[in-house]
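>>> have a look at this prediction, sequence included:
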Amino acid sequence: MRLSQSVIATLKETPAEAQIASHRLMLRSGMVRQTSSGIYTWLPLGLKVLRKIAQIVREEQDRIGGQEVLMPTLQSADLWKQSGRYDAYGPEMLRIQDRHKRDLLYGPTNEEMITDLFGQVVKSYKELPQLFYQIQWKFRDEIRPRFGVMRGREFLMKDAYSFDASYGEARKTYQKMMLAYLRTFQRLGVRAIPMVADTGPIGGDLSHEFIILAPTGESGVFYDSLLEEKDWLQTAVDTTSSQDLHRFFDELTHHYAATDEKHDTQAWSLVPAERQREGRGIEVGHIFYFGQKYTQSMGVSVNGADGAPFFPEMGSYGIGISRLVGAIIEASHDENGIIWPDEVAPYKVVLLNLGNKDEASLALCEKIYAHLSELCLYDDRNERAGVKFADADLIGYPWQIVVGPKGAVKNTVELKRRSTGQKEEISVENLLARFS
Ligand code: ATP
Ligand code: MG
Ligand code: MG
Ligand code: MG
């Protein structure tokens, strides 16, 4: 993309309503604009990030056998009356009536709808297990929308739903999902630690919130620092083996990690003092086993091996895709702007031409730009170097390629790493080889 031909939505002034860094930086760098309280338009740069996050989430769901579906945002109230949640959900649910006075709602989550779909398409135990997911907008009429996209009213969520024949099978699915989440967040370039969460009336140990550490987070967190050191992409777990899954899950969950809601001072005291970490964090994902809650209340059963019908065991698994955009920035920025992890950056590199009137610089930029194409945003504006540098730091591209008249005659450029500020002079050949 050539910057001279794109909309430039960066702001010079920091909007007064933005209380935390990620919100300020998303507005200043032109990622989003608020249209009404807690509701945002995604501008080109922000949308690219949102899509990259969604794609990584999708790949990891597919990897464990998730089947992608797309359910509507508007749901009939009838399904929610069956499960009993229509009244229980409260004022966070946006209720709507159509012209025939039928009750609809903008979905805050989709357990009812997927259970209903499952009941229509799956009839026998032989068809279990099933795992569905979607990446779809949700609406929750939050009493206090704040922190930009982190607590919006309309927000993008990946929500997955599993159906299993027994508790043992549901537990395996939960463990697989745990691994998929750990891999997902690591690929996104952030550390999200799974912490024991409330299971409500269902009980048991099968609910975890995934928390990114950030001082502005809404949850207090306590965890064992060993959890920071794991490399989940290198951890071999055979997800077809119950034994392997159990081993992985036990190894993970025996390290202490809990939010303030579930903090257990007795267990905490057993963690060696030098490994105790206390702080604040942002909930970016939540996985939950809830058994037959919906299959039973909605009367959705399948035929068992003995011919008798039974209610499948379910779990649901959310990731806040739009919240992650803010949470990643909260965990990765400095006083000059955003520092995108490579995997989710709107563009991996920005090409800064400091020789707007210099033939050699212009020619070199065209050559580099032609090679890097969609990886690269080309700042070809007729602006001062200082403006280009400041915008590049603000928007936070992981790499900056600086082209100027002095280097252009020697066929060299300066390459700067945004995260460390480290600069090197490099030949164009080496540059192109590095990014190909
Ligand atoms: P919170 O505790 O922050 O209100 P939640 O526990 O109500 O979140 P879940 O029902 O667990 O949320 O939904 C799954 C995920 O959706 C959350 O982990 C979070 O990442 C995301 N999410 C929930 N509410 C919002 C919101 N208002 N804006 C953006 N993302 C949200
Ligand atoms: Mg909530
Ligand atoms: Mg929560
Ligand atoms: Mg939650």
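Thanks, I have the structure now. Ligands and ions are numbered 1, 2, ... in the order given.

>>> okay, CA-based contacts and neighbour counts for the rest of this
OK.

>>> pLDDT below threshold where in the protein?
Along the chain, segments meeting pLDDT under 70 span 202-203.

>>> and it, which residues reach ligand 1?
Contact residues, the chain versus ligand 1 (C-alpha under 6 Å from any ligand atom): 149-153, 155, 157, 283-286, 318-320, 323.

>>> those residues in helices, which ones?
residue 323 (DSSP state H).

>>> can you name the residue of the stretch 301-436 of the chain nearest ligand 1?
residue 320 (3.3 Å; C-alpha to the nearest ligand atom).

>>> run through the residues that contact that residue.
When the contact criterion is C-alpha atoms under 8 Å, 6 or more residues apart in numbering, the partners of residue 320 are 155, 156, 157, 158, 284, 285.

>>> same deal with residue 24?
Neighbour list for residue 24: 14, 15, 18 [criterion: C-alpha under 8 Å, 6+ apart].

>>> reformat the residues you listed as CSV; add neighbour count and secondary structure.
Shown next, in CSV, are those (neighbours: other C-alpha atoms under 10 Å; DSSP: H, G, I helix; E, B strand; the rest coil):
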residue, neighbour count, secondary structure
14, 13, coil
15, 13, coil
18, 16, coil
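
>>> distance to residue 47 added to those residues, as a markdown table?
Written out in a markdown table, the entries for those read as follows (distance: C-alpha to C-alpha, whole Å):
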| residue | distance to residue 47 |
| --- | --- |
| 14 | 21 |
| 15 | 21 |
| 18 | 20 |
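
>>> could you pull out the strands in the stretch 51-200 of the chain for me?
Assigned by DSSP state E, counting those that start in this stretch, the stretch 51-200 of the chain shows strands spanning 67-68, 74-76, 94-97, 103-106, 130-139, 154-164, 192-196.

>>> what about the closest residue to residue 53 other than its chain neighbours, how many residues nearby?
With C-alpha to C-alpha, 6 or more residues apart in numbering as the criterion, residue 53 has its nearest non-adjacent residue at 6.1 Å, and that residue is residue 344. Here the number of neighbours of residue 344 (other C-alpha atoms under 10 Å) works out to 24.

>>> surely residue 344 touches residue 52?
Yes - judged on C-alpha atoms under 8 Å, residue 344 makes contact with residue 52 at a distance of 5.4 Å.

>>> what's downstream of the top strand by length along the chain, the next helix or strand?
Here the longest strand in the chain is taken by residue count, with DSSP state E as the criterion, and it is strand 276-291. Counting by DSSP states H and E, the next helix or strand C-terminal to strand 276-291 is helix 293-297.

>>> how about the stretch 1-150 of the chain: which residue is closest to ligand 1?
Using C-alpha to the nearest ligand atom, residue 150 is the residue of the stretch 1-150 of the chain that sits closest to ligand 1, at 4.8 Å.

>>> re earlier: out of the strands of the stretch 51-200 of the chain, which comes closest to residue 351?
With C-alpha to C-alpha, the closest approach to residue 351 among those belongs to strand 154-164: 31.0 Å.

>>> show me the beta-bridge partners of residue 281.
Each beta-bridge partner of residue 281 is listed here, defined by DSSP bridges: residue 213, residue 219.

>>> from residue 339, how far off is it?
Computed with C-alpha to C-alpha, to the nearest Å, the distance linking residue 281 and residue 339 is 19 Å.

>>> what of residue 288?
With distances defined as C-alpha to C-alpha, the gap from residue 288 to residue 339 amounts to 32 Å.

>>> then residue 176?
Here the distance between residue 176 and residue 339 works out to 31 Å (C-alpha to C-alpha).

>>> before we move on, what about residue 386?
Summarising the geometry, the distance separating residue 386 from residue 339, computed by C-alpha to C-alpha, is 18 Å.

>>> those two - which one has more neighbours?
For residue 386 against residue 339, the residue with the higher neighbour count under other C-alpha under 10 Å is residue 339, and the figures read 25 against 10.

>>> in stretch 137-152, what counts as buried?
Of the residues in stretch 137-152, those scored as buried under the neighbour-count criterion (16 or more other C-alpha atoms under 10 Å) are 137-142, 145-152.

>>> can you pull out the helices in this structure?
Counting by DSSP H, the chain has these helices, from start to end: 21-28, 44-63, 77-83, 85-88, 111-121, 167-187, 242-253, 265-268, 293-297, 321-331, 359-372, 385-395, 405-410, 428-434.

>>> can you pull the buried residues of the third one?
Of all the residues in helix 77-83, those buried under the rule 16+ other C-alpha under 10 Å are 77, 79, 80, 83.

>>> do the second one as well
Of all the residues in helix 44-63, those buried under the rule 16+ other C-alpha under 10 Å are 44-50, 52-54, 56-58, 60-62.

>>> and what of the last one?
Judged by neighbour count using 16+ other C-alpha under 10 Å, the buried positions of helix 428-434 are 428, 431.

>>> again, but for the fourth one
Within helix 85-88, the residues scored as buried using 16+ other C-alpha under 10 Å are residue 86.

>>> that helix packs against which elements?
Applying 3 or more C-alpha pairs under 8 Å, 6 or more residues apart in numbering; DSSP states H and E, one finds that helix 85-88 makes contact with helix 77-83.

>>> tell me which other helices or strands the helix it packs on touches.
With contacts taken as 3+ C-alpha pairs under 8 Å, 6+ apart, helix 77-83 sits against helix 85-88, strand 103-106, helix 111-121, helix 293-297.

>>> which residues sit against it?
Counting by C-alpha under 8 Å, 6+ apart, helix 77-83 makes contact with 86, 87, 103, 104, 105, 112, 113, 116, 294, 297, 298, all of which sit outside it.

>>> contact partners for the fourth one?
Applying C-alpha under 8 Å, 6+ apart, one finds that residue 104 lies in contact with 74, 75, 76, 77, 95, 96, 97, 98.
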